[in-house]
Structures are given as structure tokens and as C-alpha cells.
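Peer 1: the amino acid sequence is not available; the structure is as follows:
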């Protein structure tokens, strides 16, 4: 077997596999970040709504 013939192919295969998995992990983390941001915004909106109800910010007399 000629190692010099197959070595570049092996390196390319390794890089393609590694880089594609990195992009998958990047997508997972981006999704996680946006999910976290949405959850925090919803929780803050609920807290503001509860505080408004407790202190009479509902507008009813």
C-alpha cells in the first residue's frame, strides 16, 4: 500500500467530518440561546403582569 496516496484523502475525510459536526453543535447552541432568551422574556412579562395586578394596575375601579 502506498501511504502517500491515501494520506491526503484521510486528512480531508477527517476535516470534513470534524467541521460538519462543529456546525451541528453550533446550531444546537444557537437554538439553545434563542430558547433561553424567549423563556426569559416570557418570565419577565409574567412577573410584570403579576406586579401590575397586585398593585392595582388592572385599570378597574
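Peer 2: On my side now, so go ahead. Not measured: the values here are computed from a predicted model.

Peer 1: from here on, just use CA atoms for contacts and neighbour counts.
Peer 2: Fine.

Peer 1: what is the mean pLDDT for the one helix or strand residue 35 maps to?
Peer 2: Using DSSP states H and E, residue 35 sits within helix 3-54. For helix 3-54, the mean per-residue pLDDT is 83.

Peer 1: against residue 25, how distant is residue 32?
Peer 2: 10 Å (CA to CA, to the nearest Å).

Peer 1: ok, residue 55 next?
Peer 2: Where residue 25 is concerned, residue 55 sits at a distance of 45 Å (CA to CA).

Peer 1: and for residue 52?
Peer 2: In terms of CA to CA, residue 52 sits 41 Å off from residue 25.

Peer 1: residue 54 too?
Peer 2: Distance from residue 54 to residue 25, by CA to CA: 43 Å.

Peer 1: and what of residue 4?
Peer 2: 33 Å.

Peer 1: who's more crowded, these two?
Peer 2: Taking other CA atoms under 10 Å, residue 4 and residue 25 do not tie; residue 25 has more neighbours (12 against 8).

Peer 1: now residue 56, what's its secondary structure?
Peer 2: coil (DSSP: H, G, I helix; E, B strand; the rest coil).

Peer 1: number of nearby residues for residue 44?
Peer 2: Using other CA under 10 Å: residue 44 sits among 12 other residues.

Peer 1: likewise residue 51?
Peer 2: Count around residue 51 with other CA under 10 Å applied: 13.

Peer 1: could you do residue 7 as well?
Peer 2: 11.

Peer 1: before we move on, what about residue 34?
Peer 2: Using other CA under 10 Å: residue 34 sits among 11 other residues.

Peer 1: how far away is it from residue 42?
Peer 2: Applying CA to CA to residue 34 and residue 42 gives a distance of 12 Å.

Peer 1: again, but for residue 52
Peer 2: Counting by CA to CA - residue 52 and residue 42 are separated by 15 Å.

Peer 1: perfect, I'm done here.
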